[in-house]
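Novice: give the three-dimensional model of this entry:
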Amino acid sequence: QVQLVESGGGLVQAGGSLRLSCAASGRTFSSYAMGWFRQAPGKEREFEAAISWSGARTYHADSVKGRFTISRDNAKNTVYLQMNSLKPEDTAVYYCAAARSYPLVDTTSYDYWGQGTQVTVSS
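Specialist: I've put the predicted structure just below:
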């Protein structure tokens, strides 16, 4: 069992930055790949970034490549999403999730989800 709690969301102006954190409970955190997804009102949840259990491999959606960076600290049971050059279209609820299967772009690969944190980017 893994419990995930996101934090770091908020209101930011276009061009600004935020760093989301996802704290995990449980001793098996380092055995899971981790992902970040977002969901805007009226839209499906979509993949943003993922990282392998060791942190050696990362994956980013084309829409955020070069602006968002996923990382993890297994000693702290935490995964991060650094978001730079934010745009109004990045406004959404952001979720972290834990996976033991692939592909990491697919929501069905994930076993555990956090409750989400709201990110709002004003123009």
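
Novice: where in the protein is pLDDT low?
Specialist: Low-confidence segments of the chain (pLDDT under 70): none present.

Novice: please redo it, this time with the cut-off set to 80
Specialist: 27 (pLDDT under 80).

Novice: pick out the residue nearest the middle of it.
Specialist: For the chain, the residue nearest the mean C-alpha position is residue 36 (2.3 Å; C-alpha atoms, centre = their mean).

Novice: other SSEs contacting the helix or strand harbouring it?
Specialist: Here residue 36, judged by DSSP states H and E, is contained in strand 33-39. Applying 3 or more C-beta pairs under 8 Å, 6 or more residues apart in numbering; DSSP states H and E, one finds that strand 33-39 contacts strand 18-24, strand 46-51, strand 68-73, strand 78-83, strand 92-99. In this view, the C-beta of every residue, glycine as well, is placed from N, C-alpha and C.

Novice: just the buried positions in the fourth one, please.
Specialist: The one in question is strand 78-83. The neighbour-count check on strand 78-83 (16 or more other C-beta atoms under 10 Å) flags 78-81, 83 as buried.

Novice: buried stuff in stretch 80-93?
Specialist: Neighbour counts using 16+ other C-beta under 10 Å place 80-81, 83, 86, 90-93 of stretch 80-93 among the buried residues.

Novice: show me the two of the residues you listed that sit farthest apart.
Specialist: Across those, no pair lies farther apart than 80 and 91, at 19.6 Å, counting by C-beta to C-beta.

Novice: which one of the buried residues of strand 78-83 is nearest to residue 72?
Specialist: Of those, the one sitting nearest to residue 72 (C-beta to C-beta) turns out to be residue 79, at 4.4 Å.

Novice: that closest one and residue 107: what is the separation?
Specialist: Distance, residue 79 to residue 107, by C-beta to C-beta, to the nearest Å: 16 Å.

Novice: who's in contact with the closest residue to residue 76 other than its chain neighbours?
Specialist: Nearest residue to residue 76 in three dimensions, chain neighbours excluded: residue 23, at 7.9 Å (C-beta to C-beta, 6 or more residues apart in numbering). Shown in contact with residue 23 (C-beta atoms under 8 Å, 6 or more residues apart in numbering): 4-5, 7, 76-78.

Novice: great, nothing more from me.
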